[in-house]
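Novice: here are the coordinates; sequence isn't available:
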């Protein structure tokens with residue numbers, strides 16, 4: 001079972017719950033909502049596992065929001081990134097994704113990240129080199145099914161370790 005928590009959708013979770021942060025392309029809400037698709041697929045695929053999915057995408061984000069709203073959003077994301085067990089970074093090819101690139105540099109060295117980015121992304125070489133430097137797994141795909149399969153592998157590995 002997957003419990004989704006967003007800045008505009010609260011939920012209860014505990015420190016020992018397995019937490020996944022869905023980082024990556026949002027483009028102020030203009031990009032494909034890959035997070036929602038992934039959460040539904042994970043819910044279907046991970047029926048026997050429980051995890052928390054932190055989704056930074058707001059349903060009604062105002063691209064012209066004032067600095068207070070932006071600061072609140074950034075703080076929420078930083079706090080959830082810090083407490084996540086796994087950070088799934090998805091960088092879509094038609095995006096600029098400047099915040100995603102920043103987060104890759106900040107959180108990539110943590111050892112808790114998997115990056116999904118194909119070689120059509122305009123800064124793919126930067127992403128690839130950063131992943132190589134910090135030994136971050138890089139999957140040359142942004143297909144939701146591929147992302148779900150990788151998350152399932154990680155969750156299953158952790159589940160086996162706990163049992």
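Specialist: Nice, thanks for sending it over. Just so it is clear, the structure is predicted and the values come from calculations on it, not from any experiment.

Novice: residues touching the residue lying closest to residue 51 once chain neighbours are set aside, list them.
Specialist: Leaving aside its sequence neighbours, residue 51 sits nearest to residue 18 (C-beta to C-beta, 6 or more residues apart in numbering; 4.5 Å). All C-beta spots, glycine's among them, are computed from the backbone N, C-alpha and C. Residue 18 sits next to 49, 50, 51, 52, 85, 86, 155, 158 when contact means C-beta atoms under 8 Å, 6 or more residues apart in numbering.

Novice: which secondary structure elements does the helix or strand where residue 70 lies contact?
Specialist: Residue 70 belongs to helix 67-83 when assigned by DSSP states H and E. Packing partners of helix 67-83 (3 or more C-beta pairs under 8 Å, 6 or more residues apart in numbering; DSSP states H and E): strand 19-24.

Novice: May I see the buried residues of the helix or strand just after the strand it packs on?
Specialist: As assigned by DSSP H and E, the chain's next helix or strand after strand 19-24 is helix 34-45. The neighbour-count check on helix 34-45 (16 or more other C-beta atoms under 10 Å) flags 34, 35, 38, 39, 41, 42, 43, 45 as buried.
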